[in-house]
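Q: sequence and computational prediction follow.
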Amino acid sequence: MTGETARRLADDASITPVLVDDKGGILHVGRSSRSVPGRLRKALNLRDRHCVSPGCTTPPELCVPHHRLHWADGGRTVLPNLELRCDVHHGRLHPENHRFRQSRAP
């Protein structure tokens, strides 16, 4: 599996990466969740008020939280690293992930 394929799958999954040595000993256990807790989402909605893309006024309830520094790259799920993006503008930031999701849709 390529790194990009793993990144796309991880975007939709709850995966806990575990790094092991050649004998199976655990060296490191990574993070398993990138979801935004309810209270943090409320704060994000109040701060951003709509999609942060220039000129976009899509209301917060129709937006998704976006990690400025991608979660897979170590970005934390904290208010300074999050912003609201509507589906259209979020898709422009991650076109490869949105094509993948669409191809899986029934």
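A: Yes, it's here.

Q: just confirm C86 contacts E61, I think it does.
A: No. The pair formed by C86 and E61 falls short of the contact definition of Cβ atoms under 8 Å, at 10.8 Å. No exception for glycine: its C-beta is placed from N, CA and C like everyone else's.

Q: who's more crowded, the two?
A: A direct count of neighbours by other Cβ atoms under 10 Å for C86 and E61 places C86 higher, at 20 against 7.

Q: so that one bridges to which residues?
A: Beta-bridge partners recorded for C86 (DSSP bridges): C63.

Q: L79 versus that one, what's the distance?
A: Taken as Cβ to Cβ, to the nearest Å, the spacing of C86 relative to L79 amounts to 19 Å.

Q: for V52, same thing?
A: Applying Cβ to Cβ, one obtains 13 Å for the distance of V52 from L79.

Q: okay, the two: which has more neighbours?
A: A direct count of neighbours by other Cβ under 10 Å for V52 and L79 places V52 higher, at 17 against 14.
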